[in-house]
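Peer 1: Whatever this is, show me its structure:
(4 chains)
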2 protein chains.
Amino acid sequence: MLATVAAMAITRPGPDKQFDRDQALGAALGLFWKQGYEATGISELLDAMGIGRQSMYNTFGNKRALFLEALGSYLDRLGGRVFAQLRAPGSPLDNVEKVFGIWEEMADEHCDSGCLLGNTVLELGPRDPEIATAMQTAIGALRREFANVFQRAQEAGELNSELDPEDLAHLVAATGQGAALLTKAYGSPEVGKSVLRSLSKLLRGT
Amino acid sequence: MLATVAAMAITRPGPDKQFDRDQALGAALGLFWKQGYEATGISELLDAMGIGRQSMYNTFGNKRALFLEALGSYLDRLGGRVFAQLRAPGSPLDNVEKVFGIWEEMADEHCDSGCLLGNTVLELGPRDPEIATAMQTAIGALRREFANVFQRAQEAGELNSELDPEDLAHLVAATGQGAALLTKAYGSPEVGKSVLRSLSKLLRGT
DNA sequence: CCGAACGTGGATTGATCAGTCCACATTGTG
DNA sequence: CACAATGTGGACTGATCAATCCACGTTCGG
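Peer 2: Numbers count the residues shown, from 1 in each chain, chains lettered A, B, ... in the order given. Okay, the predicted model is just below:
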């Protein structure tokens, strides 16, 4: 499971850790996100996390486990925002566009990192079946949520009912990934944002 | 330059190479394409190419140069087909859909490899400025060609003239990359093909 | 106040990698 | 036939990597 293990509640003897676990994990996430798994070395991670070697191994296990935790926190955080927005009351198509807004915000703040989900699919998918399966699951969850919201949009008369909600969900997932890739390719958010706005227009039927 | 250096025309003494350079390059391309640059080792390359270590270094220089040649041949081959189709006489929008057909064909034949252009952007873009620039150039050339064809489509009345051809070109480039990514994520061509067909429908105005 | 348990950091290890060295085989030339 | 030039393959090298070992400092329980 990629789900983060809940922090141990039992009090135990000995000194507490001298660093903030979540902050260290966030620093590791930033590096993995921008550089990828293999291109990020342990020493580099330790510098960014501000902790020593043994502390990292004691706390997270090994490099792969650290990466899995960082990936899980990324998916939880981003997925949480996106899913909440898609399920929010109000116009379904407006909610889709608000999700595009979240993605544009990400492009602004992380224009040279892309999307960790897509990055991981390409780098680790071919040689790590467990990660590949987890990524399929994450994409599938996103697609299902979009399919639902497109279904509601059709029922509300906001969307051409000849289109298949499942296919549109695939299209949105693919275009979102492509926008993240172009954003990283150019190191600037403008192209990716233009992509999302064009897709909005097409979905609106113009 | 990524352009392949023309084979030397001058005859020279000594024995000829005992292998087919293009075939060896193709084998290397297949591995880099599927696995990425770092995940592909020299020994693995040599096995697939069917040649010895020293032959590879004599012929291609080093791993990076071998990769650049493989990448160049990929871009030349695929770009050649796509550009020719976009410039072909006839309906501009039909030509766009025929390019989608080329991409679907690629998804069928290489469903677990994705697109080497996108793969390279994500893996090597952040730490190899020369490659990053080359990838920007390749994407830019593709985008320009699509923008031209969308312009012609609008002049022919095939496409809503309120849309910006440049933005649409970005959208198509992004969605194509996203479709390749989803194809690799699932290891099957169906999702990617559905994405391209949905995009076709939307471009046709439903 | 002492001792056990834990966190920490520097030194070390074993594996793996790209790249090189060198001896040998093969071919064309004088 | 012999020499020179080139292609080839196995052994080797130096660097880098993740991961471990071990000695030290700190904190809490009895």
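Peer 1: okay, the most centrally placed residue in chain A: pLDDT?
Peer 2: Geometric centre of chain A, nearest residue: residue A:75, 4.6 Å, by Cα atoms, centre = their mean. At residue A:75, the predicted lDDT confidence score is 96.
Peer 1: Skipping adjacent residues, who's closest to it in space?
Peer 2: Residue nearest to residue A:75 in three dimensions, not counting chain neighbours: residue A:138, with 5.5 Å by Cβ to Cβ, 6 or more residues apart in numbering or on different chains. Every C-beta, even on glycine, is put in place using the N, C-alpha and C of the backbone.
Peer 1: In contact with the one you found, which residues?
Peer 2: Contact partners of residue A:138, counting by Cβ atoms under 8 Å, 6 or more residues apart in numbering or on different chains, are A:75, A:79, A:117.
Peer 1: One more: residue A:149?
Peer 2: Contacts of residue A:149 (Cβ under 8 Å, 6+ apart): A:86-87, A:92, A:95-96.
Peer 1: ditto for residue A:119
Peer 2: A:33, A:36, A:113, B:122.
Peer 1: CA atoms only for the helix or strand where the first one lies - export them in PDB, please.
Peer 2: What it means is residue A:33. Using DSSP states H and E, the element containing residue A:33 is helix A:21-35. What follows is helix A:21-35, C-alpha atoms only, in PDB (Å, rounded to 0.1, in the frame of the first residue of the first chain):
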ATOM      1  CA  ARG A  21       9.300  14.000   9.700                       C
ATOM      2  CA  ASP A  22       6.800  15.700   7.400                       C
ATOM      3  CA  GLN A  23       9.100  18.500   6.500                       C
ATOM      4  CA  ALA A  24      11.900  16.100   5.700                       C
ATOM      5  CA  LEU A  25       9.400  14.000   3.600                       C
ATOM      6  CA  GLY A  26       8.300  17.200   1.800                       C
ATOM      7  CA  ALA A  27      11.900  18.000   0.900                       C
ATOM      8  CA  ALA A  28      12.500  14.500  -0.500                       C
ATOM      9  CA  LEU A  29       9.300  14.800  -2.500                       C
ATOM     10  CA  GLY A  30      10.500  18.000  -4.000                       C
ATOM     11  CA  LEU A  31      13.700  16.400  -5.300                       C
ATOM     12  CA  PHE A  32      12.100  13.200  -6.500                       C
ATOM     13  CA  TRP A  33       9.400  15.300  -8.300                       C
ATOM     14  CA  LYS A  34      11.800  17.500 -10.100                       C
ATOM     15  CA  GLN A  35      14.700  15.100 -10.800                       C
END
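Peer 1: does DNA strand D sit close to whichever helix in chain A runs longest?
Peer 2: For chain A, the longest helix by residue count, based on DSSP state H, is helix A:129-155. No - on the criterion Cβ under 7 Å from any atom of the strand, helix A:129-155 is out of touch with DNA strand D, staying 14.4 Å away.
Peer 1: now the angle between helix B:129-155 and the helix or strand just after that helix, please.
Peer 2: The C-terminal neighbour of helix A:129-155 among helices and strands, as given by DSSP H and E, is helix A:165-186. Here helix A:165-186 runs at an angle of 130 degrees relative to helix B:129-155 (axes from the mean of the first three to the mean of the last three Cα atoms, to 10 degrees).
Peer 1: could I get helix A:165-186 in PDB with only the CA atoms?
Peer 2: This file holds the C-alpha atoms of helix A:165-186, laid out as PDB (Å, rounded to 0.1, in the frame of the first residue of the first chain):
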ATOM      1  CA  PRO A 165     -18.200  10.300 -20.300                       C
ATOM      2  CA  GLU A 166     -15.600   7.500 -19.900                       C
ATOM      3  CA  ASP A 167     -13.800   8.600 -23.100                       C
ATOM      4  CA  LEU A 168     -13.900  12.200 -22.100                       C
ATOM      5  CA  ALA A 169     -12.400  11.200 -18.700                       C
ATOM      6  CA  HIS A 170      -9.600   9.500 -20.500                       C
ATOM      7  CA  LEU A 171      -9.100  12.500 -22.700                       C
ATOM      8  CA  VAL A 172      -8.900  14.900 -19.700                       C
ATOM      9  CA  ALA A 173      -6.400  12.600 -17.900                       C
ATOM     10  CA  ALA A 174      -4.200  12.400 -21.000                       C
ATOM     11  CA  THR A 175      -4.300  16.100 -21.700                       C
ATOM     12  CA  GLY A 176      -3.600  16.900 -18.100                       C
ATOM     13  CA  GLN A 177      -0.500  14.700 -18.200                       C
ATOM     14  CA  GLY A 178       0.500  16.100 -21.600                       C
ATOM     15  CA  ALA A 179       0.100  19.700 -20.300                       C
ATOM     16  CA  ALA A 180       2.400  18.800 -17.300                       C
ATOM     17  CA  LEU A 181       4.900  17.300 -19.700                       C
ATOM     18  CA  LEU A 182       4.900  20.400 -21.900                       C
ATOM     19  CA  THR A 183       5.200  22.600 -18.900                       C
ATOM     20  CA  LYS A 184       8.300  20.700 -17.800                       C
ATOM     21  CA  ALA A 185       9.700  20.600 -21.300                       C
ATOM     22  CA  TYR A 186       9.600  24.400 -21.600                       C
END
